[in-house]
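J.: My questions are about this predicted structure, shown below with the sequence.
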There are 2 protein chains.
Amino acid sequence: MPNEKLFDTHAVLGKAMELFWKKGYHGTSINDLVEATGLSRSSLYATFEDKHKLYVAALRHYQTWQKKGLNDALDKQSTARKKIEVIFRAYLEAILHDAYGKGCFMVNTATEMTNQNKELAKIVGSDFDGMEALMFSLIKQGQSEGNISKKQKPKTLARYLFSCYLGLRLTGQAKPDRATLEDVVKVTLSVLD
Amino acid sequence: MPNEKLFDTHAVLGKAMELFWKKGYHGTSINDLVEATGLSRSSLYATFEDKHKLYVAALRHYQTWQKKGLNDALDKQSTARKKIEVIFRAYLEAILHDAYGKGCFMVNTATEMTNQNKELAKIVGSDFDGMEALMFSLIKQGQSEGNISKKQKPKTLARYLFSCYLGLRLTGQAKPDRATLEDVVKVTLSVLD
DNA sequence: AAAATATCGGAACAAATATTCCAGTATTTC
DNA sequence: GAAATACTGGAATATTTGTTCCGATATTTT
C-alpha cells in the first residue's frame, strides 16, 4: 500500500469549518482554505472534491460536534425543565466565549445560502426541525413531570422556544453582553412557569 | 447645464437593495447589479463610487424604507400595547409575502458582514439599538397605561422582545408557515399580560 | 532493495471578479 | 444654432476566483 494520509482529515475539517463559519461561503476563498489548513489545493480537491462539497462537509462537522456537546450537557440534567434551561444557558456561555463574533454556523448558512441552494436548505431545515423536536419532547415530558405549565400546547411552546433560541443566537452576535442575554433567557423561560 | 440624470437614483437603489438582500454582499457581482438595474458599469461607479458604498447605500435605503413603513403602521394604533403587537404582526405578514425567502436585510448583513466590516457593524448596531429603544419606550408607556404587566423592568422586557423579534425574522426565513409564526407571536406577547 | 501506488505540492488555466477609461451622446445655455 | 458639459455605454485591465494537471514524494509490499 502507498502512503498513508499525511494529514488529519478531521482536523482539516475543523479548520475549514472555522473559516466558513467566520467568513461565510462566498467570503471564503480556496486560497484562504489552503492557508488555514496547510494543505495544497490538489489535496483539498482530492479529499473533498470541490468547494461546495467541502462546505457541506464542514457544516455537517459542525452539526455533529454541536449535537454531541449538547447531548453531553443534557445527560447531566435530571428533569426536562432543567434540560431546557441548559440548552439556553449553554448557548449563552458559548456566545460570550466566541472571540470572533462568528455567531451560529447554521444560522449563518440559513441567511446566506438557503434561498439559493436546496441541498444546504435541506441540511439547515432538518437541523432546525431536530432542535424543535427535541424541545417538543422535553416540553411534553416537563408538563407531565409538573415543572412546565400546561397553559400552552407542547407544539406551540416548542415553536416559541425554538424561535427564541434562534433569536438568542442573533442577539448574541449583535450584542454579546451578559446582562442582555441573561435578561432574554430569564424572560423567555418564564413562559414555562 | 448638461444632461439631466436619465435614470431614477431612487429606483436604482431599490433594485440594488433587492439584489443584495436576496444574494448577500459577496454573492452579488457587479454584473448582477448592471443587469438588474439596467445601468452600465461606469454609471454605477460614477454614482455610487464602488461596490461597498453601493451596499451601504442600499442598506440605508432599506432602513429608511422599513422605518417609514413601520411608523405609518404604528400611527394608526391607539395604545402602546397595540403598537407592540403591530410590530410583530406586520413582520409576520411581511415574511409570508416574501416570495424569495430573502429574510431581513439587516439580519442578513449582521450574519454575513458585521464581524468583518466595522462600518456595517455600526449601521446594523444602531438599527438594532433603535428598535430596542422603540420597544423600551412602548413598554414603559404600556406599563403606565396599564396594558402591560409590571412584573419585569422595561429594559428587561425590551431586550427580550427585541430578541424575540430577531428570532421571528429567522424563523420566518427557515419556516415561512403561518401557523408556526402565529404560535410564536402569541406566546411571545403573552409575557406582556 | 526495488517496484508499486496513492498522495502531495505548486505551477498552470480559464472564467469571473471589481474597477477604470475613453469616445460618444444628448441637453442646456449663450 | 453652436459650444459647453455632465453623463452614458461598452471595451479594456489587472486581480482573484475555482479548478485541473503533472512531476515529485514517501511508504508499503514483494
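T.: Alright, I've got the coordinates.
J.: helices or strands up against the helix-or-strand element of chain A with minimal mean pLDDT?
T.: Ranked by mean pLDDT, DSSP states H and E, the helix or strand of chain A with the weakest confidence is helix A:41-48, at a mean of 88. Where contact means 3 or more CB pairs under 8 Å, 6 or more residues apart in numbering or on different chains; DSSP states H and E, helix A:41-48 is packed against helix A:30-37, helix A:51-75. Where C-beta positions appear, they are placed from N, C-alpha and C, glycine not excepted.
J.: Would you map the strands across chain A?
T.: In order along the chain, chain A carries no strands (DSSP state E).
J.: Select the longest helix from it.
T.: Of all the segments of type helix in chain A, defined by DSSP state H, the longest one is helix A:118-145.
J.: dump the residue contacts of the residue nearest to A:Trp21 when sequence neighbours are not counted.
T.: Computed as CB to CB, 6 or more residues apart in numbering or on different chains, the closest residue to A:Trp21 that is not its neighbour in sequence is A:Phe105, at 4.4 Å. Counting by CB atoms under 8 Å, 6 or more residues apart in numbering or on different chains, A:Phe105 touches A:17, A:20-21, A:59, A:62.
J.: Local confidence estimate at A:Phe105?
T.: A:Phe105 is assigned a predicted lDDT (pLDDT) of 96.
J.: Ok, A:Leu6 next?
T.: 61.
J.: For stretch A:171-183, give me every contacting residue.
T.: With contacts defined as CB under 8 Å, 6+ apart, stretch A:171-183 is touched by A:91-92, A:95-96, A:98, A:101-104, A:168, A:184, B:110-111, B:114-115, B:124-125, B:128, B:155-156, B:159-160, B:162-163, B:166.
J.: Can you measure across it, start residue to end residue?
T.: Length of stretch A:171-183, first residue to last, CA to CA, to the nearest Å: 12 Å.
J.: How about it, which residues are buried there?
T.: A:171-176, A:180-181, A:183 (16 or more other CB atoms under 10 Å in any protein chain shown).
J.: Could you find which two of these are furthest from each other?
T.: Using CB to CB, those span at most 16.6 Å, a distance reached by A:Gln173 and A:Asp183.
J.: show me the residues around A:Ala73 that make contact.
T.: Contacts of A:Ala73 (CB under 8 Å, 6+ apart): A:86, A:90.
J.: what about it, distance to chain B?
T.: Separation of A:Ala73 from chain B (CB to the nearest CB, to the nearest Å): 21 Å.
J.: can you check A:Gly103 too?
T.: Per CB to the nearest CB, A:Gly103 is found 6 Å from chain B.
J.: Give me the neighbour count for that residue.
T.: A count of nearby residues for A:Gly103, using other CB atoms under 10 Å in any protein chain shown, gives 24.
J.: before we move on, what about A:Val191?
T.: Neighbour tally, A:Val191, other CB under 10 Å: 18.
J.: And A:Lys118, by the same measure?
T.: A:Lys118, neighbours per other CB under 10 Å, totals 11.
J.: That one and DNA strand C, how far apart?
T.: A:Lys118 is 20 Å from DNA strand C, where distance means CB to the nearest atom of the strand, to the nearest Å.
J.: now swap in A:Ala80 and tell me
T.: Note on A:Ala80: its distance to DNA strand C, by CB to the nearest atom of the strand, is 46 Å.
J.: Most proximal residue of chain A with respect to chain B?
T.: Proximity of chain A to chain B (CB to the nearest CB) peaks at A:Gly167, 2.5 Å away.
J.: give me every residue that touches that residue.
T.: By CB under 8 Å, 6+ apart, the contact list for A:Gly167 reads A:184, B:163-168, B:170.
J.: B:Lys68: which of those residues is nearest?
T.: Closest approach to B:Lys68 among the contacts of A:Gly167 (CB to CB): B:Tyr165, at 18.0 Å.
J.: Test my guess that the closest one contacts B:Met131.
T.: Yes: using CB atoms under 8 Å, B:Tyr165 is in contact with B:Met131, at 7.0 Å.
J.: So which of those two has more stuff around it?
T.: Neighbour count, other CB under 10 Å: between B:Tyr165 and B:Met131, B:Tyr165 has more, with 23 against 20.
J.: list the contacts for the more buried one?
T.: Contacts of B:Tyr165 by CB under 8 Å, 6+ apart are A:167, B:87-88, B:91, B:131, B:135.
J.: rerun at 7 Å
T.: Neighbouring residues of B:Tyr165 by CB atoms under 7 Å, 6 or more residues apart in numbering or on different chains: B:88, B:131.
J.: ok, now how distant is it from B:Arg159?
T.: In this view, B:Tyr165 and B:Arg159 are 11 Å apart by CB to CB, to the nearest Å.
J.: JSON lines for the helices and strands packed on helix A:41-48, including distance to DNA strand C and mean pLDDT?
T.: Shown next, in JSON lines, are the helices and strands packed on helix A:41-48 (distance: least, CB to the nearest atom of the strand, whole Å; pLDDT from 0 to 100):
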{"stretch": "helix A:30-37", "distance to DNA strand C": "8", "mean pLDDT": "91"}
{"stretch": "helix A:51-75", "distance to DNA strand C": "13", "mean pLDDT": "94"}
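J.: Can you tell me which of those helices is nearest to B:Tyr45?
T.: Between B:Tyr45 and the helices and strands packed on helix A:41-48, the tightest spacing by CB to CB is seen for helix A:30-37, at 26.3 Å.
J.: still on that earlier bit, show the pLDDT at the residue of chain A closest to chain B.
T.: pLDDT, read off for A:Gly167, is 96.
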